[in-house]
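Chemist: All I have is the shape, not the residue letters:
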């Protein structure tokens, strides 16, 4: 494949067989890596162009009125197609229109080879967050001036094709051969392309030396310099983690002179290495406070507003402390975005700026890392692999030539791919440790060793909390920690000290216990055992048969259990508005007393899990554990089977805790998936309070814990945060607090509009409120020319407003992006919002924080309702009951502070840098009508705030944004 014709069509719709037709053709000829010819023309359709197509493409009826017909342009297109490979971005769409056009004019359909750049990009760019042409063009710096116009799309796709071919040709031969095994994941003619590249590589990689002998692929210089070819996988070459790093020289600095040197504008510190460095009083105050807290053995709470530069504010003193005292500092964050910023931007800056070397490492939970042994095994086993799973394998094969971490968060996997990941991720139970042939290349042990040798270790909250709960955690012993995004720590801790289990997990476990498929692990184990212990063949077969029987009985028990609980939960569950599932709080004692069928179904599963685990253990006992002569293939299967027994045990413990044990200090609830035909259940049990747990496991034993966030206070007080995080019961002298203002001029940069005449949900009903919201959002979107994010507290209200706005804005050039409507992937929606024009993003819970959209892309933020949790949310309900029992007011103590913090986070999405400006609109009149409403505004930075009739306020939007 050296000759390509890259094609893009703009059309009147997406159904050529129902009368939709081509209105513009763009075609680009690529030969031998060069663009040699381009062709474009409008085409006159048989019917008027629909308004939404004109809105999308900019092509009007007037533009095509004098254009040639499809009959007239096809000869030119056929000349270009002759003998070339047809290429398009989402090729099925363009191919369907081409074939229909050819057939309608009496030509034979196109029967040449076809490539789809979406398909190629998914495999060759596995770390991409999105595969739309506009996103790929932006990432590769490909000029793409007019998206959704055929000439611009075709030339951009041609340049993309050349980049993808370049990536493909640079892959090692072993990876090309591995990709060919995944052929079923490719819809078009990628197989032909791969075979051609393989043959070319074989010709170059197996040249004959002077003695007439073939030089092997593994010794080809271009392969060995960049790649580590090992056991039929091509990996990016990296230093083996087993090689220890040398000791770092000790350092001695006095903090004050060191600090002054680092922040001086004319010195050799931060200013020299940071292009846009500026002195910030808040940042410098934080540096002093953090170092002082370490020195004085105190805990410190810092609320640092957006723009204070808090990352450097804690990293610089933290790193100095670590190197001076030879103590490791842990830095914990909640979001991937902040981890990437710290490790990819702030740490490299400090490594250049600081006058001494230091080491930094990033460590995540074990399941984040790929197990190379398991992945190798999955490549060997193709049985039962769906197209989506083959695609995931192909993506991982390519990714291995790029990654140095093996961290799944680098990958862009489909839901099926994420499910496949569960079978190839690293875990303790199935680890062979030093017996594993991949041990010296193991991603998890590499990360652990790097952390062991680092001065500063960046982790997430889940790993930190999980580690302090274990005697032998993955983190090295530490005395000081810095917790950023600390307002999220209690939720993470609640999840960790609680338990979750889904019906999907149960069914996946049942499938793992199967013995019918040729490549099922337990069957492979039995066959290996028969070869190794032929005298025990009958006993092995007996255990295998019993496993089959128990697995079938377990499957029936789980199916019956799901039916019973689904029916019971569906009848009683309520929509809390927080998720798209029905929710039902329960008490396990009720199952024994009132709903005995449910209790029996859970008991039966526990019994069957125990039976099947016992049979697998009996099978494993046939081979003495002391027998060191067992082949690697048998050792591998033994370890996996032992891991499966451990998994059965963990699921049984979870199920017993969730549905049998009664715990007064916990809240139990189930969520029922009602939107899909597939029945799914999710069970949760969460502690009512984690303050004492955090105090005894984290705050009391450690020298100094720094907690920071932009949102820790309510009405400038830390009381709420201190009580829920365990600080309230510590001696006063052990805790310091610091509130640092943002450097932004909020009174100049931001305007808050609160219409006083909006209907109240409580007084006038939800329907009237929603109608007003739809009209208000449309007014705001028009005034701000898109560039708007709308925050909701309820999925159902989001969908209703989305549909209403879409109807009112039809024919106008606005693109609506609804969370759970257009996509459930937050990062993809944010990316589309940032790359689009006149876009409007409607989001729920996860969009209230962690979304960073600087610049004028986001100029208007609408808060539909104040973010109170639904009163029937199980955890809130349980905690409120406890507060009432303690004679406390749950609303003032819990619901209101939580909502204020959430509100601050939401408003904080708007002004992200000193050049930003924007308008916040709050449609919930409780903020000005209720006694508690002023607490929301008093907790914000000093924005301009205006109230009045909406017809007056909406006129303020456009002038302010100009």
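Modeler: Great, that's in hand. Being a predicted model, the structure only gives us computed values, none of them experimental.
Chemist: For the closest residue to residue 529 other than its chain neighbours, which residues are in contact?
Modeler: Sequence neighbours aside, residue 540 is the residue nearest to residue 529 in space, at 5.2 Å (criterion: Cβ to Cβ, 6 or more residues apart in numbering). Glycine gets a C-beta too; all of them are placed from N, C-alpha and C. Residues in contact with residue 540 (Cβ atoms under 8 Å, 6 or more residues apart in numbering) are 526, 529-530, 533, 619, 622.
Chemist: and what of residue 876?
Modeler: Counting by Cβ under 8 Å, 6+ apart, residue 876 makes contact with 869-870, 894-895.
Chemist: Widest-spaced pair of those?
Modeler: Farthest apart among those by Cβ to Cβ are 870 and 894. That separation is 13.3 Å.
Chemist: phi, psi of the residue nearest to residue 529?
Modeler: Here is the backbone geometry of residue 540 (degrees, to the nearest 10): phi -60, psi -50.
Chemist: Just confirm residue 332 contacts residue 482, I think it does.
Modeler: Yes. Counting by Cβ atoms under 8 Å, residue 332 does reach residue 482; the two are 7.2 Å apart.
Chemist: Helices of the stretch 401-550 of the chain, residue ranges please.
Modeler: 415-424, 443-453, 461-468, 489-497, 503-512, 521-532, 537-572 (DSSP state H, counting those that start in this stretch).
Chemist: So the residue nearest to residue 529 versus residue 613, what's the distance?
Modeler: In this view, residue 540 and residue 613 are 17 Å apart by Cβ to Cβ, to the nearest Å.
Chemist: now the helices for the stretch 601-750 of the chain?
Modeler: Using DSSP H, counting those that start in this stretch, helices in the stretch 601-750 of the chain cover 632-659, 691-694, 719-725, 746-749.
Chemist: The second one packs against which elements?
Modeler: In this case it means helix 691-694. helix 489-497, helix 719-725 (3 or more Cβ pairs under 8 Å, 6 or more residues apart in numbering; DSSP states H and E).
Chemist: Switch the contacts of residue 876 over to TSV, and while doing so, append neighbour count to every line.
Modeler: Below are the contacts of residue 876 laid out as TSV (neighbours: other Cβ atoms under 10 Å):
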residue	neighbour count
869	19
870	16
894	20
895	20
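Chemist: low-scoring stretches of this protein, by residue?
Modeler: Within the chain, the stretches with pLDDT under 70 are 184-185, 205-224, 243, 382-384, 471-472, 515-519, 576-580, 624-629, 676.
Chemist: before we move on, the earlier item: pick the most deeply packed of the helices of the stretch 601-750 of the chain.
Modeler: helix 719-725 (a mean of 20; mean count of other Cβ atoms under 10 Å).
Chemist: give the contact list for residue 100.
Modeler: When contacts are counted by Cβ under 8 Å, 6+ apart, residue 100 is found next to 16-17.
Chemist: Give me the three-state assignment for it.
Modeler: Secondary structure, DSSP: H, G, I helix; E, B strand; the rest coil: residue 100 is helix.
Chemist: separation between it and residue 441?
Modeler: From residue 100 to residue 441 the distance is 51 Å (Cβ to Cβ).
Chemist: Assign the nearest residue in space to residue 55 that is not next to it in sequence to one of the three secondary structure states.
Modeler: The spatial neighbour of residue 55 that comes closest, neighbours along the chain excluded (Cβ to Cβ, 6+ apart), is residue 813 at 5.2 Å. Per three-state DSSP, the secondary structure class of residue 813 is coil.
Chemist: Likewise for residue 754?
Modeler: strand.
Chemist: ok, it touching residue 945?
Modeler: Yes. Residue 754 lies in contact with residue 945 (Cβ under 8 Å); the separation is 6.9 Å.
Chemist: Comparing these two, which residue is more hemmed in?
Modeler: More crowded of residue 754 and residue 945, by other Cβ atoms under 10 Å: residue 754, with 23 against 17.
Chemist: Quick check: the gap between that one and residue 427.
Modeler: 51 Å.
Chemist: Tell me the one of the contacts of residue 540 nearest residue 550?
Modeler: Looking across the contacts of residue 540 and measuring by Cβ to Cβ, the closest to residue 550 is residue 619, at 12.0 Å.
Chemist: contacting residues around the closest residue to that closest one other than its chain neighbours?
Modeler: Leaving aside its chain neighbours, residue 619 sits nearest to residue 543 (4.5 Å; criterion: Cβ to Cβ, 6+ apart). For residue 543, the contact set (Cβ under 8 Å, 6+ apart) comprises 526, 615, 618-619, 622.
Chemist: Would you mind giving those residues as JSON lines with distance to residue 735 added?
Modeler: Output for the contacts of residue 543, formatted as JSON lines (distance: Cβ to Cβ, whole Å):
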{"residue": "526", "distance to residue 735": "60"}
{"residue": "615", "distance to residue 735": "55"}
{"residue": "618", "distance to residue 735": "56"}
{"residue": "619", "distance to residue 735": "56"}
{"residue": "622", "distance to residue 735": "59"}
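Chemist: from the residues you listed, which would you call buried?
Modeler: 526, 615, 619, 622 (16 or more other Cβ atoms under 10 Å).
Chemist: so what's the second one up against?
Modeler: Residues near residue 615 by Cβ under 8 Å, 6+ apart: 543, 546-547, 550.
Chemist: Give me the buried subset of these.
Modeler: 543, 546-547, 550.
Chemist: With respect to residue 152, which of those is nearest?
Modeler: residue 547 (59.9 Å).
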